[in-house]
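S.K.: I would like to see how this sequence folds:
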Amino acid sequence: MLEKLFKLKENNTNVKTEVIAGITTFMTMAYILAVNPSILGDAGMNTNAVLLATALASFIATASMALMANLPFALSAGMGLNAYLAYTVVLGMGYSWQIALLAVFAEGLIFIVLSLTNVREAIFNAIPLTLKRGVSVGIGLFIAFIGLQNAGLAVDSSTLVTITSFTENFNTHGICALLAVTGLLFTAVLHIRKVKGAILIGIVATWLLGILCQLAGVYAPNPEAGFYSLIPSAVVSFDFSSLGETFFQCFRVDWSNIRVLDFAVVIFAFLFVDLFDTLGTLIGVATKANMLDEKGRLPKVKPALMADAVGTTVGAVLGTSTVTTFVESASGVAAGGRTGLTAMVTGVLFLLSTLFAPLFTAIPSFATAPALIMVGFLMVSSVTEISFGDHNLTEAIPAYIAIIAMPLFYSISEGISLGIISYVVLNLCTGKAKKVTPLMYVLSVLFVLKYIFL
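M.R.: Have a look, this model is predicted:
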């Protein structure tokens, strides 16, 4: 049945590999079950309801990806998009969180239409292959940077960012950073030795080592500073009543408080960030998994984009921010995942997390950080496929700009937009305008207008 549904042999994989890949993807994404409620809670939403909504929306969207596209990509509430909802739309612009969810719902419907009319697929196919490879490398650096932050290794400083002090606050910051470094080296050794499931083993081993440190008194939980017990307070919870606090609330709004022009800008902002974050993730992960054809196209991109749109729409109804394809899907791909079975396993784990939320949310960020850093390494290796010779500079330079923009501006979409703008400008100014497709011109103009007006 699984072979018929997911075509495992055709994709040179097996059930064991796909299951391990799915678990690995989930483990690197599980942090969203703790982070998303915290962020949306600042907007006045019930945190327990947000956790349940996030888990359910992740299951529906990821299962849709598995069944509709047969791709190993997982989806959940997007980081950045949740912050935009809470801090810009609600706290900044003064809208209620119900109206913000209505904007997310509207965005999802627009995406469904765009997916049905092939607009999103056309955008994906219009991006040159060299730039797609640059996007893959940029996402690798972006993932690694997130991992360094989650580990507590990269911290704010007068130089914007620096390495943490291991000795200062050793029983909290210091030991977590040290555990992350240990986990990274352990995971790297397993990977070098070609141990199957190295990334997943690294996550679990780092977590268990942290628990031992807590039992030995080396790690001292300090909830006020954001350092919680590594030992789950409970394993199972059957209380789902809180979901009613957010379910269907996107339609229970005071329409008289909606300012049409502002609301349109909010919808467009959600559309823009979600569209190009999703495209960037699909490009980056698909490139690493060798899923692109000789023209740099992803054969199943249309159903993949549709699954993403469905996830956003359903998520808004349940009560969570924009659902998007996660860059952490690369961890499952790195573990060998190649089909929708990987995504289905991840989706089912999200569904189970509604029961085992206390257990899953106990996974500390320093335990998943080594996985993200290793995945970053695996994705950065795509840089060898980019030709930096003089004959290819009008493609190589935009790819380079996309690569550095993603981690430094902390945004996948910014990397794509700057890469596309520079690609069009450089080819236009060097007499190679014929290389630029009409859609690339349109995209570059839209990106420039975005920087002017948004």
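
S.K.: where does pLDDT dip in the stretch 101-250 of the chain?
M.R.: Judged by pLDDT under 70, the stretch 101-250 of the chain has no weakly predicted residues.

S.K.: show me where it has helices.
M.R.: In the stretch 101-250 of the chain, the segments counted as helices under DSSP state H, counting those that start in this stretch are 119-126, 129-150, 175-192, 198-215.

S.K.: quick check on residue 78: phi, psi?
M.R.: Residue 78 has phi and psi values of phi -70, psi 130 when expressed as degrees, to the nearest 10.

S.K.: 25 is where my numbering starts, stick with that
M.R.: Will do, 25 is the new start, and the previous item becomes residue 102.

S.K.: excluding residues flanking it in the chain, which one is nearest it?
M.R.: Closest residue to residue 102 apart from its sequence neighbours, by C-beta to C-beta, 6 or more residues apart in numbering: residue 348 at 3.8 Å. (C-beta placed from N, C-alpha, C; glycine too.)

S.K.: that neighbour falls within a strand, correct?
M.R.: Yes - under DSSP: H, G, I helix; E, B strand; the rest coil, residue 348 sits within a strand.

S.K.: and it, how far from residue 475?
M.R.: According to C-beta to C-beta, to the nearest Å, residue 348 stands 22 Å off from residue 475.

S.K.: give me the residues contacting stretch 425-435.
M.R.: 104, 155, 158-159, 161-163, 165-166, 168-169, 301, 304, 407, 436, 438-440, 442-443, 446 (C-beta atoms under 8 Å, 6 or more residues apart in numbering).

S.K.: is it true that residue 165 touches residue 400?
M.R.: Yes - counting by C-beta atoms under 8 Å, residue 165 does reach residue 400; the two are 6.3 Å apart.

S.K.: what does the pLDDT read for the spatially most central residue of the chain?
M.R.: For the chain, the residue nearest the mean C-alpha position is residue 350 (2.7 Å; C-alpha atoms, centre = their mean). On the pLDDT scale, residue 350 is placed at 87.

S.K.: quick one, what contacts it?
M.R.: By C-beta under 8 Å, 6+ apart, the neighbours of residue 350 are 49, 53, 56, 97-100, 102, 305.

S.K.: please narrow the residues you listed to those residing in helices.
M.R.: Those of the contacts of residue 350 mapping onto helices are 49, 53, 56, 305, per DSSP state H.

S.K.: could you identify the most distant pair in the residues you listed?
M.R.: Within the ones in helices among the contacts of residue 350, 56 and 305 form the most distant pair, 14.2 Å apart (C-beta to C-beta).

S.K.: residue 165 and residue 400: who's more crowded?
M.R.: residue 400 (25 against 21; other C-beta atoms under 10 Å).

S.K.: what mean pLDDT does the helix or strand harbouring the more buried one get?
M.R.: Applying DSSP states H and E as the criterion places residue 400 in helix 389-404. Mean pLDDT, helix 389-404: 87.
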